[in-house]
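J.: give me a model of this one.
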Amino acid sequence: MNDGNRKPLIVVIVCGVIAALVLVFGVSCGGGNNNAAASWQSGFSQAAKGGTLAASDLVGPGGQCSAAATQLLVAGSCVFEVKKFGGLFDLGSPTKRARLAPQQAVTVTLLVEGTRTEQDVSAGDTVSLTFGTSGGQLGITCRVVGTCALKLLEAGG
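T.: Sure thing, here's the model as predicted:
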């Protein structure tokens with residue numbers, strides 16, 4: 001048997017050993033609801049939860065609109081661009097989430113992954129926001145005369 005014929009055999013054997021180790025590790029750590037399984041499961045659930053959408057992720061058109069800290073101010077109507085995120089090879093958080101709490105009645109328009117949704121929100125209510133790594137748009141139209149103020153809250157709180 002020459003050297004060229006041995007390489008595929010060696011690769012198959014190495015893959016078999018790796019598969020056996022993964023099986024043994026999975027059976028030993030994954031049986032039941034033991035502490036080892038809980039620790040890695042919570043790690044995956046935290047990664048899937050996503051990041052928090054912050055005012056720094058929003059790019060306003062300027063002038064009548066502003067986003068700073070946890071406050072958005074809108075005079076009339078504005079469309080904020082949500083920046084793309086995720087880092088190199090999109091290995092970062094898969095989503096960014098927040099809740100938007102208007103102080104006055106507004107209409108919120110979202111453009112996410114090519115899908116447009118619109119919702120009328122009263123003062124004191126909240127609307128959930130979720131954006132993927134490609135970003136999107138957040139449109140806000142005041143339903144009262146003057147400037148509208150909105151709070152950007154953490155999604156879980």
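J.: from here on, contacts and neighbour counts on C-alpha atoms
T.: Noted.
J.: in the sheet, who's paired with the residue nearest the centre of the chain?
T.: The centroid of the chain falls nearest to Thr95 when counting by Cα atoms, centre = their mean (1.2 Å). Note on Thr95: beta-bridge partners by DSSP bridges are Gly132.
J.: surely it touches Leu129?
T.: No: counting by Cα atoms under 8 Å, Thr95 does not reach Leu129; the two are 10.0 Å apart.
J.: ok so, going back, the residue nearest to the centre of the chain and Glu154, how far apart?
T.: 13 Å (Cα to Cα, to the nearest Å).
J.: before we move on, the earlier item: do you know how far the residue nearest to the centre of the chain is from Thr109?
T.: With Cα to Cα as the criterion, Thr95 and Thr109 are 18 Å apart.
J.: contacts only, for the nearest residue in space to Cys65 that is not next to it in sequence.
T.: Distances taken as Cα to Cα, 6 or more residues apart in numbering place Val74 nearest to Cys65, at 4.7 Å, with adjacent residues excluded. With contact set as Cα atoms under 8 Å, 6 or more residues apart in numbering, Val74 has these partners: Gln64, Cys65, Ser66, Ile140, Thr141, Cys142, Thr147, Cys148, Ala149.
J.: the third one belongs to a helix, doesn't it?
T.: No: assessed by DSSP: H, G, I helix; E, B strand; the rest coil, Ser66 does not belong to a helix; its assignment is strand.
J.: what sits closest to it if chain neighbours are left out?
T.: Counting by Cα to Cα, 6+ apart, the residue nearest Ser66 is Leu73, at 5.3 Å.
J.: alright, calling it a day.
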